[in-house]
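Asks: Sequence and predicted structure below; questions after.
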Amino acid sequence: MRKLKSCGILLFGPDLSEFLLMRHRNRWDLPKGHIEAEESELACARRELHEETGIDAAQITMLEGFRHTESYRTRYRRFCGAPVC
């Protein structure tokens with residue numbers, strides 16, 4: 001089974017009662033994406049935030065040391081519908 005890793009940023013508003021979700025055609029999701037070759041997880045998350053929202057990582061305050069990991073299976077058309085972890 002092919003393994004992929006995505007990284008993203010959970011972005012909260014100033015009073016922590018709001019957070020950013022992006023609307024895709026059939027789902028809501030955080031700004032995130034797959035790691036590129038030789039890219040760190042944090043660099044990937046920052047790059048994806050900017051690519052998907054236009055928000056530069058320099059504009060936000062990162063909570064030092066916070067990390068959450070979620071594992072799940074999905075299917076991608078580009079892998080001929082094969083399961084991916």
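Replies: Nice, thanks for sending it over. Residues are numbered from 1 along each chain as shown.
Asks: how far away is the spatially closest residue to Gly13 that is not a sequence neighbour from Ala37?
Replies: Leaving aside its chain neighbours, Gly13 sits nearest to Phe19 (6.9 Å; criterion: C-beta to C-beta, 6 or more residues apart in numbering). All C-beta atoms are positioned from the backbone trio N, CA, C, and that covers glycine. The gap separating Phe19 from Ala37 is 30 Å, by C-beta to C-beta, to the nearest Å.
Asks: which one of these two has more residues nearby?
Replies: Phe19 (10 against 4; other C-beta atoms under 10 Å).
Asks: quick one, phi psi at the more buried one?
Replies: phi -140, psi 160 (degrees, to the nearest 10).
Asks: Confirm for me that it is in contact with Trp28.
Replies: No - applying C-beta atoms under 8 Å as the test, Phe19 and Trp28 come out as separate, 11.0 Å apart.
Asks: For this structure, which segments count as helices?
Replies: 41-53 (DSSP state H).
Asks: which regions of it sit below the pLDDT cut-off?
Replies: For the chain, the stretches with pLDDT under 70 are 1-2, 75-85.
Asks: Find the centremost residue of it, please.
Replies: Taking C-alpha atoms, centre = their mean, the centroid of the chain lies closest to Lys32, which sits 1.9 Å from it.
Asks: what residues are up against the nearest residue to Glu48 once chain neighbours are set aside?
Replies: Setting aside the residues directly before and after it, Glu48 is nearest to Gly33 in space (C-beta to C-beta, 6+ apart), at 4.0 Å. Taking C-beta atoms under 8 Å, 6 or more residues apart in numbering, we find Gly33 in contact with 6-8, 44, 47-48, 51-52.
Asks: so which of the residues you listed would you say is closest to Gly65?
Replies: Closest approach to Gly65 among the contacts of Gly33 (C-beta to C-beta): Cys7, at 15.5 Å.
Asks: How many residues are close by that closest one?
Replies: 20.
Asks: hang on, it packs against Ile35?
Replies: Yes - at 6.2 Å, Cys7 counts as touching Ile35 under the criterion of C-beta under 8 Å.
Asks: and the residue nearest to Gly13, what does it touch?
Replies: 10-13.
Asks: Great, nothing more from me.
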